[in-house]
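>>> what follows is a protein structure lacking sequence information:
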């Protein structure tokens, strides 16, 4: 009886982390829809603004 309990114990100890890793990888492999962006971000991306954002004339610059 003691051998049976110790066998199940070590089986669970070994299988627990393995099952956790499989569950995490399965969850990460799901495709998620792209995030919804505000209209102003979508408009600037459509204009072809690929370079870094430069300060606009409407934003005050701090010296």
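On my side now, so go ahead. Every value quoted in this text rests on a predicted model; they were computed, and no experiment measured them.
>>> helices of this structure, start to end?
Assigned helices in the chain, in chain order: 2-28, 39-46 (criterion: DSSP state H).
>>> how about those in JSON lines, adding mean neighbour count and mean pLDDT?
Quick note: C-beta positions are derived from backbone N, CA and C, even for glycine. Putting these into JSON lines (neighbours: other C-beta atoms under 10 Å; pLDDT from 0 to 100) gives the following:
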{"stretch": "helix 2-28", "mean neighbour count": "9", "mean pLDDT": "89"}
{"stretch": "helix 39-46", "mean neighbour count": "10", "mean pLDDT": "67"}
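>>> for residue 20, see how far away residue 14 is.
Noted for residue 14: a distance of 12 Å to residue 20, by C-beta to C-beta, to the nearest Å.
>>> next one: residue 8
In terms of C-beta to C-beta, residue 8 sits 18 Å off from residue 20.
>>> cool, residue 3 as well?
As defined by C-beta to C-beta, residue 3 lies at a distance of 27 Å from residue 20.
>>> what does residue 6 give?
In terms of C-beta to C-beta, residue 6 sits 22 Å off from residue 20.
>>> swap in residue 39?
Computed as C-beta to C-beta, the residue 39 to residue 20 distance reads 41 Å.
>>> now swap in residue 7 and tell me
Taking C-beta to C-beta as the measure, residue 7 falls 21 Å from residue 20.
>>> got it, and residue 9?
17 Å.
>>> and for residue 35?
Distance of residue 35 to residue 20, given as C-beta to C-beta: 28 Å.
>>> same check, this time on residue 41
For residue 41 relative to residue 20 (C-beta to C-beta), the value is 37 Å.
>>> swap in residue 10?
From residue 10 to residue 20 the distance is 17 Å (C-beta to C-beta).
>>> over to residue 32?
For residue 32, the distance to residue 20 - C-beta to C-beta - is 21 Å.
>>> likewise residue 29?
Using C-beta to C-beta, residue 29 is found at 15 Å from residue 20.
>>> got phi/psi on residue 36?
Here is the backbone geometry of residue 36 (degrees, to the nearest 10): phi -80, psi 130.
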